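**Q** only the shape, not the letters, is given here:
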């Protein structure tokens, strides 16, 4: 099974959940959620080379932190290990957030001061 890997750095000021697809066997995949604290760096793998950023937290303090800054619990964006046809590595669904690719590392940031 082919897998892609990437380093993810969270410099946003918020915790985030990174969701990845992992192929278990032919025709069977599962998603895995990785909780990443602010200022944490993790190594991620994916069978698709894509990862999704979301805020579906179980801990109320994480939910409250996002909501207290005006953000809703939602999908934040996605990023890839290789660029798509338009040469983009990431897509954010809110203009306050960025995920920038540089030499196999994605750095997730927030433009809004918290």
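**A** Arrived safely, thanks for sending. Predicted model, so just to flag it, every value in this text is computed and none were measured.
**Q** any idea how far residue 61 is from the nearest residue to residue 65 once chain neighbours are set aside?
**A** Distances taken as CB to CB, 6 or more residues apart in numbering place residue 14 nearest to residue 65, at 6.2 Å, with adjacent residues excluded. (C-beta placed from N, C-alpha, C; glycine too.) To residue 61, residue 14 is 12 Å away according to CB to CB, to the nearest Å.
**Q** what's the answer for residue 36, then?
**A** 16 Å.
**Q** over to the residue nearest to residue 65. Which of the three states is it?
**A** Counting by DSSP: H, G, I helix; E, B strand; the rest coil, the backbone at residue 14 sits in coil.
**Q** quick one on the thing from earlier: residue 14 and residue 61: which has the busier surroundings?
**A** Neighbour totals were compared for residue 14 and residue 61, and residue 14 leads with 19 against 8 (other CB atoms under 10 Å).
**Q** show the pLDDT at the residue nearest to residue 65.
**A** Model confidence at residue 14, given as pLDDT, is 96.
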